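Quick one: sequence and predicted model below, then my questions.
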Amino acid sequence: MIEPVDSTTFETVADGTALTVVDFWADWCGPCKMQTPALEALDEDYDGQIKFASVDVDQNKAIAERFQIMSIPALVIFKNGQPAEKVVGFHPQAALKKYLDQKLAEVATAN
């Protein structure tokens with residue numbers, strides 16, 4: 001299950017895990033609702049390899065502002081605890097899997 005986080009728990013998300021994906025979304029966002037099942041499936045596929053979390057931008061405006069989230073859905077990719085990339089818009093599960101496989105390969109070669 002993708003861990004929902006807020007301002008009190010956000011700092012535990014990117015706790016140094018090699019790769020963390022944080023999904024910024026809102027309940028009223030149609031593309032966000034389409035993205036969620038793909039992320040949930042990927043969370044299962046990458047169990048233990050990639051950590052997934054989600055942030056409701058309406059409930060956590062300060063976090064969204066901190067990462068300059070202007071459009072949703074948006075994914076912020078953390079590498080070793082630091083924000084490294086942002087992916088904006090809806091992406092099919094296969095495209096996200098290909099992207100995340102590439103990111104895992106980059107982390108593996110960096111270590």
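Cool, got the structure.

Confirm Thr20 sits in a helix?
No: Thr20 is assigned strand when assessed by DSSP: H, G, I helix; E, B strand; the rest coil, not a helix.

hey, what's it bridged with?
Judged by DSSP bridges, the bridge partners of Thr20 are Lys51, Phe78.

For stretch 28-35, which outside residues touch it?
23, 25-26, 58, 72-73, 89-91 (Cβ atoms under 8 Å, 6 or more residues apart in numbering). For the C-beta atoms, the positions are set from N, CA and C on the backbone; glycine is no exception.

And the furthest pair within those?
Using Cβ to Cβ, the two most remote members of the contacts of stretch 28-35 are Asp58 and His91, lying 21.8 Å apart.

ok, these two, which is more surrounded?
His91 (19 against 13; other Cβ atoms under 10 Å).

looking at this, the more buried one is in a helix?
No: secondary structure assignment (three-state DSSP) places His91 in coil, not in a helix.

Relative to Asp47, which of the contacts of stretch 28-35 is nearest.
Asp23 (16.6 Å).

for the closest one, what are its contacts?
Taking Cβ under 8 Å, 6+ apart, one finds 2, 32, 35-36, 39, 52-55, 73-75 in contact with Asp23.

Now with 6 Å, please.
39, 54, 75 (Cβ atoms under 6 Å, 6 or more residues apart in numbering).

Three-state assignment for it, please.
Going by three-state DSSP: Asp23 is strand.

any idea how far it lies from Gly30?
According to Cβ to Cβ, to the nearest Å, Asp23 and Gly30 sit 15 Å apart.

Then Leu19?
27 Å.

So for those two, which sits in the more crowded spot?
With neighbours defined as other Cβ under 10 Å, Leu19 and Gly30 compare such that Leu19 has more, 21 against 9.

If anything else comes up later, I'll come back, but that's it for now.
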